[in-house]
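K.L.:
Curious how this folds, go ahead:
(2 chains)
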Amino acid sequence: DAKTTQPPSMDCAEGRAANLPCNHSTISGNEYVYWYRQIHSQGPQYIIHGLKNNETNEMASLIITEDRKSSTLILPHATLRDTAVYYCIVRAQNTGTASKLTFGTGTRLQVTL
Amino acid sequence: DGGITQSPKYLFRKEGQNVTLSCEQNLNHDAMYWYRQDPGQGLRLIYYSQIVNDFQKGDIAEGYSVSREKKESFPLTVTSAQKNPTAFYLCASASRSDRSSFYGYTFGSGTRLTVV
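P.N.:
You can find the predicted model right below:
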């Protein structure tokens, strides 16, 4: 699986958009970009994933650059409850096999009043 | 509701003792995983199992053992051979046949193990 690079920490004011970047310059054509978040002392929670098109769901938006070497997770209106560590993960979809996810150290997002 | 249950939430162990962490899922997922997390660090894979009666070592398997006798259960034993067992342990599961997404990759709430 391709390696990802994320800033160790970011701050965001409540109500503003939080834009979390991720570099994955060695991504392969069949690898997806996944985002998870982990609130303190809980298990990671799935947020969103994508291959090459931008994606949006009720939690966030995912913007993937045209060359797919980087992506940005956008939380449109951050709240205090969005304070967490956000993990960007790149992996392939293996036919018939649920392969392991490899987590880096992620970005610690602190949402402030 | 379907999900993953890890127990206990907090566990204390005396140095030199083996301890087993429980992980049960009712999601009908084929694959199950154990991760370890240290303060301020990401998750590191200990063991994983794709199907019943089969499992593979992850990146940090030394000092740990697992079994997968039932689809629903994937217990992790932390043995006395594990030099630094104090950590947060997370169990996860995923659908082996889910090719489209990892909505099926679900985590438990974790067990915090402290060696005293």
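K.L.:
Least confident secondary structure element in chain B?
P.N.:
strand B:106-107 (a mean of 90; mean pLDDT, DSSP states H and E).
K.L.:
Just the pLDDT for A:Gly15.
P.N.:
With respect to pLDDT, A:Gly15 has a value of 97.
K.L.:
Now do the SS call for it.
P.N.:
Here A:Gly15 is recorded as coil under DSSP: H, G, I helix; E, B strand; the rest coil.
K.L.:
The helix or strand just after the least confident helix or strand of chain B pairs with which strands?
P.N.:
Using DSSP states H and E, the helix or strand that follows strand B:106-107 in sequence is strand B:111-115. With DSSP bridges as the test, strand B:111-115 is paired with strand B:10-13 (parallel), strand B:87-94 (antiparallel).
K.L.:
gap between the longest one and the chain center?
P.N.:
Right, the one you point to is strand B:87-94. Chain-centre distance of strand B:87-94: 4 Å, with C-alpha atoms, centre = their mean, to the nearest Å.
K.L.:
send the alpha carbons of it over as PDB?
P.N.:
C-alpha atoms of strand B:87-94 as PDB (Å, rounded to 0.1, in the frame of the first residue of the first chain):
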ATOM      1  CA  ALA B  87      -1.100   0.000  25.400                       C
ATOM      2  CA  PHE B  88      -4.500   0.600  23.900                       C
ATOM      3  CA  TYR B  89      -5.700  -2.500  22.000                       C
ATOM      4  CA  LEU B  90      -8.200  -2.200  19.100                       C
ATOM      5  CA  CYS B  91     -10.100  -5.000  17.400                       C
ATOM      6  CA  ALA B  92     -11.600  -4.500  13.900                       C
ATOM      7  CA  SER B  93     -13.500  -6.600  11.400                       C
ATOM      8  CA  ALA B  94     -14.200  -6.300   7.700                       C
END
